[in-house]
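Engineer: no FASTA, just this:
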């Protein structure tokens, strides 16, 4: 490969939302931006078991936009396969990734153990993709960076991590390679968010890698408090339990905040409110340690938590289930792919008085998407359960920018990029966003295929 070019390997989040991994290959270095797990459809999940089309021990550094599983969850496999160098991210991003990776390792160990015991697996024996020990080994490679400051990575290569809203610690990444700037959007937050500040915006991008999760739509304008109030009142009047599958990072805290505010204003019945996510408990501690990254004060965090029964053990989960009174339960995971929420749904999903509130993006192939699309049954741990519960959806709770907000995030870029790569979106959504960018900005756009390689020409300097 000549010195005046770089190659970009699209190893994930190409024509799909999950599995973010972009390998930047120069003549002397290999830089991996994000290292996420595929989620959702089985044809994607099986890719987590495949070796990457690059040797892990050849990767010189990993740069993390944020800590979500679809951006960090493959790190234990990368380290297990030979990666030996540094993983860079902001301090709260690394805190969140540490929590998520250890939780993911635990869930996978427990699932493999249960699958082998109960026989609902075609593998003999079922194995964990990685273990808690693998996760802890990956975490030893973490090195924190300061938001907003340029860092010299290698000769002629610099990187900067800039505040991006979305979740605590999240950033977009600017990578300067011999004078050319590659900008990786990561997941872009919303300009008006209850907990996060508005994202910063890039000013320059020779090559832009832009997420398109909601690139085909605008979020509904709705009164969140009013909608959630009505769902709670209706469920309690029916004598039911409201179950809210939630991402442990930011979404759980946002839901807790809204419910706390409703209770403060005496707008919802005085029923038990439960936050059942060991990971979510740890995330609250990250919020308390990193107040400059979000809007809540220390006092507000403390007061909010005091209004919830914070469940940490599986025994406590069953204590909550055994109480027949109406209650509100926030439990992981957000797309119902695993975690404590599965235990609740096994017990409640077939009851017509139950309500399930979907409060975030639901990827293809997940149980959350199945419920969103009106499936009459869902499969949990090898068994089918009838869906008799009332299913609600609040789209405006999303931590992802919508189409107009994405365009606004791009609006400060002074000169059109040489090329804009549309990533982190389902194929049809990405294509609609491509057309919108072309019509609105006149930029050259492409939608890379998974495992495709694009060569970028650098200016002669």
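Structural biologist: Sure, I can see it. Computed from a predicted model, the values in this text were never measured in an experiment. Residues are numbered from 1 along each chain as shown.
Engineer: can we go C-alpha only for contacts and neighbour counts from here?
Structural biologist: Will do.
Engineer: can you give me the end-to-end distance of stretch 139-147?
Structural biologist: End-to-end distance of stretch 139-147 (Cα to Cα, to the nearest Å): 20 Å.
Engineer: which residue packs closest to residue 146, ignoring adjacent ones?
Structural biologist: residue 90 (6.2 Å; Cα to Cα, 6 or more residues apart in numbering).
Engineer: list the contacts for that neighbour?
Structural biologist: Applying Cα atoms under 8 Å, 6 or more residues apart in numbering, we find residue 90 in contact with 144, 145, 146, 147, 161, 169, 170.
Engineer: quick one, what contacts the residue nearest to residue 294 when sequence neighbours are not counted?
Structural biologist: Spatially, and ignoring its direct neighbours in sequence, residue 294 is nearest to residue 196 (4.9 Å; Cα to Cα, 6+ apart). If you count contacts by Cα under 8 Å, 6+ apart, residue 196 has them with 165, 166, 167, 168, 189, 293, 294, 295.
Engineer: Let's see the ChimeraX selection covering just the buried ones among the residues you listed.
Structural biologist: Here is the ChimeraX command that selects the buried residues among the contacts of residue 196 (16 or more other Cα atoms under 10 Å):
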select :165,166,167,168,189,293,294
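Engineer: Tell me which two of the contacts of residue 196 sit farthest apart.
Structural biologist: 189 and 295 (13.9 Å; Cα to Cα).
Engineer: What ranges in the stretch 51-200 of the chain fall below the confidence cut-off?
Structural biologist: 120-124 (pLDDT under 70).
Engineer: need the helices for it, in chain order.
Structural biologist: 69-72, 75-80, 91-118, 132-139 (DSSP state H, counting those that start in this stretch).
Engineer: Could you identify which of those is most buried?
Structural biologist: Stretch with highest mean neighbour count among these: helix 69-72 (a mean of 25; mean count of other Cα atoms under 10 Å).
Engineer: which strands and helices sit next to that one?
Structural biologist: helix 91-118 (3 or more Cα pairs under 8 Å, 6 or more residues apart in numbering; DSSP states H and E).
Engineer: quick revisit: sort out which one of the contacts of residue 90 lies nearest residue 311 for me.
Structural biologist: residue 169 (24.8 Å).
Engineer: residues in contact with the closest one?
Structural biologist: 66, 67, 90, 91, 92, 93, 163, 293.
Engineer: do you know how far the third one is from residue 172?
Structural biologist: Note on residue 90: its distance to residue 172, by Cα to Cα, is 11 Å.
Engineer: Then the fourth one?
Structural biologist: The span separating residue 91 from residue 172 equals 14 Å under the rule Cα to Cα.
Engineer: what is in contact with residue 90 and residue 172 at once?
Structural biologist: By Cα under 8 Å, 6+ apart, residue 90 and residue 172 have these common neighbours: residue 161.
Engineer: Bridged to residue 455, which residues?
Structural biologist: Legend: beta-bridge partners of residue 455 under DSSP bridges are residue 7.
Engineer: right, and it touches residue 6 too?
Structural biologist: Yes. Look at residue 455 against residue 6 with Cα atoms under 8 Å: they come within range, at 5.7 Å.
Engineer: Among these two, which residue is more densely surrounded?
Structural biologist: residue 6 (21 against 12; other Cα atoms under 10 Å).
Engineer: Give me the neighbour count for residue 60.
Structural biologist: Other residues close to residue 60 by other Cα under 10 Å number 19.
Engineer: If you could redo that for residue 281, that was the one I meant.
Structural biologist: 20.
Engineer: Check residue 197 too.
Structural biologist: Neighbour number of residue 197 under other Cα under 10 Å is 21.
Engineer: Without its sequence neighbours, what residue ends up closest to it?
Structural biologist: residue 165 (5.8 Å).
Engineer: So that neighbour is in contact with residue 194, correct?
Structural biologist: No. Between residue 165 and residue 194 there is no contact under Cα under 8 Å: 10.7 Å.
Engineer: Excluding covalently adjacent residues, which one is nearest to the residue most central in space within the chain?
Structural biologist: When Cα atoms, centre = their mean is applied to the chain, the residue found nearest the centroid is residue 68 (3.9 Å). Among residues not flanking residue 68 along the chain, residue 97 sits closest, at 6.7 Å (Cα to Cα, 6+ apart).
Engineer: Next up, the contacts around the one you found.
Structural biologist: 66, 67, 68, 69, 72, 73.
Engineer: same thing but 7 Å
Structural biologist: Contacts for residue 97 (Cα atoms under 7 Å, 6 or more residues apart in numbering) come out as 67, 68, 72.
Engineer: Which one of those is nearest to residue 352?
Structural biologist: Nearest member of those to residue 352, counting by Cα to Cα, is residue 68, at 33.0 Å.
Engineer: how about the closest one, phi and psi?
Structural biologist: phi -60, psi 150 (degrees, to the nearest 10).
Engineer: Please determine how far it is located from residue 186.
Structural biologist: Distance from residue 68 to residue 186, by Cα to Cα: 10 Å.
Engineer: got it, and residue 215?
Structural biologist: 14 Å.
Engineer: quick one: which of these two has more around it?
Structural biologist: residue 215 (29 against 24).
Engineer: ok, for that one, nearest residue in space, not its chain neighbours?
Structural biologist: In space, residue 215 is closest to residue 403, 4.4 Å off (Cα to Cα, 6+ apart).
Engineer: Residue 26 too?
Structural biologist: Residue 26 sits nearest to residue 6 (Cα to Cα, 6+ apart), 4.7 Å away.
Engineer: Quick check, pLDDT for residue 460.
Structural biologist: In this model, residue 460 is scored at 54, pLDDT.
Engineer: no no, residue 4
Structural biologist: The model's pLDDT for residue 4 equals 64.
Engineer: in which helix or strand would I find residue 420?
Structural biologist: Counting by DSSP states H and E, the element that carries residue 420 is strand 419-423.
Engineer: any idea which helix or strand comes after that strand?
Structural biologist: Next in sequence after strand 419-423, counting helices and strands by DSSP H and E, comes helix 427-441.
Engineer: rewinding a little: I'd say the residue nearest to residue 197 and residue 186 touch.
Structural biologist: No. Using Cα atoms under 7 Å, residue 165 is not in contact with residue 186; the gap is 10.4 Å.
Engineer: low-confidence ranges in the stretch 251-400 of the chain?
Structural biologist: Filtered on pLDDT under 70, the stretch 251-400 of the chain yields no residues whatsoever.
Engineer: how does this protein divide into domains?
Structural biologist: 5-217+399-457, 224-397 (automatic domain parsing).
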